[in-house]
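Got a predicted structure plus its sequence, pasted below:
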Amino acid sequence: MAKSLKQLIAKLIPAEYWNQKYRIDEWLYTKVENRFVKELCAELTPGTAIDLAGGEGRNSMWLAKRGWTVENVDFSAVALKKFRRWVREESVHEPALAGRCLTTKADARGFKSKLAPADLGVIAYLQIDQYELAAAIGGLVGKLKPGATLVGVWHSLDNLAGGFGGPRDPNVLPSVDRIRAILSGLNVDIELLENREGQIQTKEGLKPSITLVLQARVRD
């Protein structure tokens, strides 16, 4: 399929586009939790968490295994089905997982949560237009408790010039300034907002990648 046609399909029917991407036997983004999510959430006391645009659930599973009750919200039915299958498989060895892993099929820009108000909101690699991202972040913050933590991870706009991997469209690549502007209208205090150096695997070996990382606290 031509690249331009793929882009058109992704814009017009994004859920089906992602269903097709996830409709493979292996995990599209592996079963390994994101290292920045792990770093920012490892010391938090387990409670309830919303993993927005959680896909196949690599971060949801990691949180659940640490004692969190997690709601994986995604608009891909295929991704959520794979996550539920994974939960069933893991529950054979850890039965409590089944009760700690929830799924909600919904668009990140507008969804109802089973766990709201939650103690933690995670939004990792939701690379969408900045106006839509603002709606998604605002909706997630509105479903968090006072004192809750918000964690965000994205391919950074700076990655276009200084790194490899991720989208090549600047409209879906947030910057520190863009995220700061979005959060300025929300009831949160920024604790960490910066670009981090990372690496991705390419055919030529490991290449540098620039990741934007956020940690914020919902005000009491």
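Structure received.

use CA for all of it now, contacts and neighbours both
Fine.

buried ones in the lengthiest helix in the chain?
If you go by DSSP state H, the chain has its longest helix at helix 77-91. Across helix 77-91, burial judged by 16 or more other C-alpha atoms under 10 Å covers Ala77, Val78, Ala79, Leu80, Lys82, Phe83, Arg84, Trp86, Val87, Arg88, Glu90.

Among the residues you listed, which pair sits farthest apart?
Ala77 and Glu90 (20.0 Å; C-alpha to C-alpha).

just checking, what packs against the longest helix of the chain?
helix 14-22, helix 97-100, strand 101-105 (3 or more C-alpha pairs under 8 Å, 6 or more residues apart in numbering; DSSP states H and E).

could you give the mean pLDDT of that helix?
Averaged across helix 77-91, the pLDDT comes to 96.

try stretch 26-39
92.

and Gln199, what is it in contact with?
Residues near Gln199 by C-alpha atoms under 8 Å, 6 or more residues apart in numbering: Leu206, Lys207, Pro208, Ser209, Ile210.

which of these count as buried?
So, of these, Ser209, Ile210 end up buried under the neighbour-count rule (16+ other C-alpha under 10 Å).

Output the contacts of Gln199 as a markdown table; include the columns distance to Ala108.
Listed next are these as a markdown table, based on distance: C-alpha to C-alpha, whole Å:
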| residue | distance to Ala108 |
| --- | --- |
| Leu206 | 31 |
| Lys207 | 30 |
| Pro208 | 29 |
| Ser209 | 25 |
| Ile210 | 24 |
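
Return the per-residue confidence for the residue positioned nearest the centre of the chain.
In the chain, the centroid-proximal residue (C-alpha atoms, centre = their mean) is Ala124; its distance is 2.5 Å. pLDDT recorded at Ala124 is 96.

List the beta-bridge partners for it.
Beta-bridge pairing for Ala124 (DSSP bridges): Val153.

Check the gap between it and Ala135 for me.
The gap separating Ala124 from Ala135 is 15 Å, by C-alpha to C-alpha, to the nearest Å.

do the same with Gly152
14 Å.

got it, and Asn195?
Distance of Asn195 to Ala135, computed by C-alpha to C-alpha: 22 Å.

try Leu40
For Leu40 relative to Ala135 (C-alpha to C-alpha), the value is 23 Å.

Also Pro170?
Taking C-alpha to C-alpha, one finds Pro170 at 18 Å from Ala135.

can you check Tyr29 too?
From Tyr29 across to Ala135, the span is 25 Å (C-alpha to C-alpha).

picking up where we left off before, report the distance from the longest helix of the chain to the chain centre.
17 Å (C-alpha atoms, centre = their mean, to the nearest Å).
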